[in-house]
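# need a structure here:
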Amino acid sequence: IAMVELKAAMAEGKTTFGKNIAVVEMDACLMGLFEVAYQIKESCDFVSFSEEVEPMDGIPYKAILPQIVAATTPEEVVKIIVKEFKTYYEGNLQGFSGVTKSAVKCSELKGLSDNFTAVLQGLEGRIAEYREPIKASRSEAVVFQDSHGNPYSYTDLPHFIGLLKQRISGEVTTFLSTLEQGFGKAIVANAVLRDKYQGAGGLAVYFPSKKSQLDTNLAGLALYQDAPWFNFLNAYYGTGEVTGDDDTNSSDPWNWDDWFLSLNRFENRVNEGKLYGFSAGVEFETLKDKALAVIEAAARSGKHEVINGFFKPASGMELPKCYEIVRSEAMELLAINL
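This is a model prediction of the structure:
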């Protein structure tokens with residue numbers, strides 16, 4: 001369902017019931033976005049969701065349902081969901097490198113948007129000056145792939161804001177502090193598992209790593225009508241890309257951001273019959289060819305290593321050693337289901 005359709009469907013539900021829906025639990029992947037919650041803030045009281053891809057089991061309904069029957073408030077319900085989600089996956093990650101789950105209070109989102117706007121207005125006209133602190137903070141913040149499989153497109157907003165506050169000075173830091181206080185009011189529950197996600201605050205925002213990945217079709221979302229985030233993105237990318245920020249300027253023809261690939265997640269996609277961007281109906285041979293092309297590219301470049309279960313470029317690695325490592329891992333992975 002598209003975000004515009006989601007907003008309309010939720011509004012229809014509110015009309016049908018004559019009141020807000022108390023809790024919307026999004027038992028789906030990559031939904032933990034400011035933009036998603038903002039689309040439906042007028043139709044529900046609380047939303048719980050995940051910034052990251054959820055494991056196949058989703059939320060543990062057997063553990064959650066008996067508790068929410070006894071819950072007295074919607075906020076208590078979402079806190080139970082977040083707590084039990086973390087508990088369930090602490091010893092049962094199903095091949096994933098970690099999980100996230102959070103919940104937001106919708107009545108706080110307009111105020112949060114206003115605080116966000118104050119930050120963006122404080123940065124307006126000074127983006128070229130602050131470009132390097134912004135870039136460094138974004139690079140260090142916890143990031144997630146987007147729903148099309150583009151890596152790094154969703155950035156944890158509280159983490160990014162906290163890092164940016166450490167790197168800049170002046171009046172805008174006051175706005176950043178106020179926004180951080182707003183996160184504390186709006187995000188009522190947050191849970192992360194594993195070091196990879198430490199620092200994630202429970203609410204992501206669309207912040208693609210490259211100008212070429214910016215989807216202008218999203219400009220009509222409700223959040224962007226109230227907060228000039230999309231204007232900020234256009235201004236940020238328009239200040240002149242540093243080498244490697246955008247594929248039109250990158251000296252690396254393999255565009256490493258595009259080929260960032262989790263070993264565990266790759267295995268899961270193979271088992272499901274999909275790989276980033278492929279639907280379940282694609283034949284496995286197509287997946288295998290695509291995967292081999294990615295791995296061969298990494299091998300030919302000599303810039304490959306595995307860090308915390310992820311393919312990443314490495315400097316100074318000799319080609320023969322790199323090729324041997326990648327080829328070995330590729331054949332092991334591609335042996336699945338064959």
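# which residues touch the residue lying closest to residue 168 once chain neighbours are set aside?
Nearest-residue entry for residue 168: residue 133, 5.0 Å, with adjacent residues in sequence omitted and distances by CB to CB, 6 or more residues apart in numbering. For every residue, glycine as well, the C-beta is placed using N, CA and C. Applying CB atoms under 8 Å, 6 or more residues apart in numbering to residue 133 gives the contacts 164, 167, 168.
# most neighbours, which of those residues?
residue 164 (23 neighbours; other CB atoms under 10 Å).
# I'd assumed that residue was in a helix, is it?
Yes - counting by DSSP: H, G, I helix; E, B strand; the rest coil, residue 164 is found in a helix.
# what helix or strand does the nearest residue to it once chain neighbours are set aside sit in?
Setting aside the residues directly before and after it, residue 164 is nearest to residue 137 in space (CB to CB, 6+ apart), at 4.2 Å. Here residue 137, judged by DSSP states H and E, is contained in helix 127-140.
# Report the buried residues of that helix.
127, 130, 131, 133, 134, 135, 137, 138 (16 or more other CB atoms under 10 Å).
# and residue 35, how many neighbours?
20.
# From residue 26, how far out is residue 1?
Per CB to CB, to the nearest Å, residue 1 is found 11 Å from residue 26.
# And those two? Which one has more around it.
Neighbours of residue 1 and residue 26, each counted by other CB under 10 Å, are more numerous for residue 26; the result is 18 against 8.
# right, and the more buried one touches residue 49 too?
Yes - the criterion here is CB atoms under 8 Å, and residue 26 meets it with residue 49 at 4.0 Å.
# hey, what's in contact with both of these two?
Common neighbours of residue 26 and residue 49 (criterion: CB under 8 Å, 6+ apart): 32, 36.
# What segments of this protein are strands?
Remark: strands assigned in the chain by DSSP state E are 21-25, 44-49, 99-105, 143-144, 154-156, 187-193, 204-206, 261-262, 305-307, 310-312.
# Just send the ones you listed back as a markdown table, with distance to residue 213, mean neighbour count and mean pLDDT too.
Below are the strands of the chain laid out as a markdown table (distance: least, CB to CB, whole Å; neighbours: other CB atoms under 10 Å; pLDDT from 0 to 100):
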| stretch | distance to residue 213 | mean neighbour count | mean pLDDT |
| --- | --- | --- | --- |
| strand 21-25 | 28 | 19 | 97 |
| strand 44-49 | 22 | 24 | 98 |
| strand 99-105 | 22 | 27 | 97 |
| strand 143-144 | 12 | 23 | 86 |
| strand 154-156 | 11 | 25 | 94 |
| strand 187-193 | 25 | 21 | 96 |
| strand 204-206 | 10 | 25 | 96 |
| strand 261-262 | 16 | 20 | 40 |
| strand 305-307 | 22 | 13 | 43 |
| strand 310-312 | 19 | 18 | 42 |
